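Engineer: predicted structure and sequence below. I'll ask about it afterward.
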Amino acid sequence: MHDQAKPTLYDRLGGVYNIAPVVDDLIDRVMGDPRLNANPNVDEAHHRVSAAGFKYFVTELVCREAGGPQTYSGRSMGDSHRHLMITDEEWLAFMDDFQKALDRFEVPQPEQEELKAIVESTKEAIVVEPLQEEPVAPREP
């Protein structure tokens, strides 16, 4: 009996020609999302970077992380996002946009779950936790 290796997520998604349109839709959603652009740092970045370039790097990254032959040539998630001061609420808005893109292209549920796990693995490098204020001790009279 010959044991066949399970196809990669990249192969199950249909390769770059099926991944790129989903990324294209996602980036269009993200760059126009008022929930994200309410953050002035994000809004400035969305107006400074080319949508086409953004789509290129995200497509490279998704393909590589899904097991494809592409090499990611962009900056690390931390280097490209930390200065944007992205909050948990903005992360959830991004994930909502991501879900809408996956649904639009009818990505099967098992592959959606794998893709979401890949994206979730980047959250720590992207989302900035708010600083907790130290409780102020009451003054002695």
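Structural biologist: Okay, I see it. Residues are numbered from 1 along each chain as shown.
Engineer: where's the residue nearest the centre of the chain, which helix or strand?
Structural biologist: Central residue of the chain (Cα atoms, centre = their mean): V119, 5.2 Å from the mean position. Using DSSP states H and E, V119 falls within helix 109-120.
Engineer: mind listing what's buried in the helix or strand just after that helix?
Structural biologist: Using DSSP H and E, the next helix or strand after helix 109-120 towards the C-terminus is helix 123-126. Buried residues in helix 123-126, counting neighbours by 16 or more other Cβ atoms under 10 Å, are found at I126. All C-beta atoms are positioned from the backbone trio N, CA, C, and that covers glycine.
Engineer: just give me the neighbour total for I19.
Structural biologist: Residues within reach of I19, counting by other Cβ atoms under 10 Å, total 24.
Engineer: so who does the residue nearest to the centre of the chain touch?
Structural biologist: Contacts for V119 were tallied using Cβ atoms under 8 Å, 6 or more residues apart in numbering; they are 95, 98.
Engineer: what's the answer for E65, then?
Structural biologist: I118.
Engineer: so how far is T59 from it?
Structural biologist: Applying Cβ to Cβ, to the nearest Å, the value for E65 to T59 is 11 Å.
Engineer: and the closest residue in space to S73 that isn't next to it in sequence, which of the three is it?
Structural biologist: Leaving aside its chain neighbours, S73 sits nearest to E60 (6.3 Å; criterion: Cβ to Cβ, 6 or more residues apart in numbering). Of the three states, E60 takes helix under DSSP: H, G, I helix; E, B strand; the rest coil.
Engineer: hang on, E60 packs against G68?
Structural biologist: No. The pair E60 / G68 is not scored as a contact, 9.1 Å apart, by Cβ atoms under 8 Å.
Engineer: next, the buried residues of stretch 99-115.
Structural biologist: 101-102, 107, 114-115.
Engineer: how long is that stretch end to end?
Structural biologist: The stretch stretch 99-115 measures 10 Å between its terminal residues, going by Cα to Cα, to the nearest Å.
Engineer: again, but for stretch 77-87
Structural biologist: End to end - Cα to Cα - stretch 77-87 spans 15 Å.
Engineer: for it, which positions count as buried?
Structural biologist: 80-81, 84, 86.
Engineer: right, I'll call it a day here.
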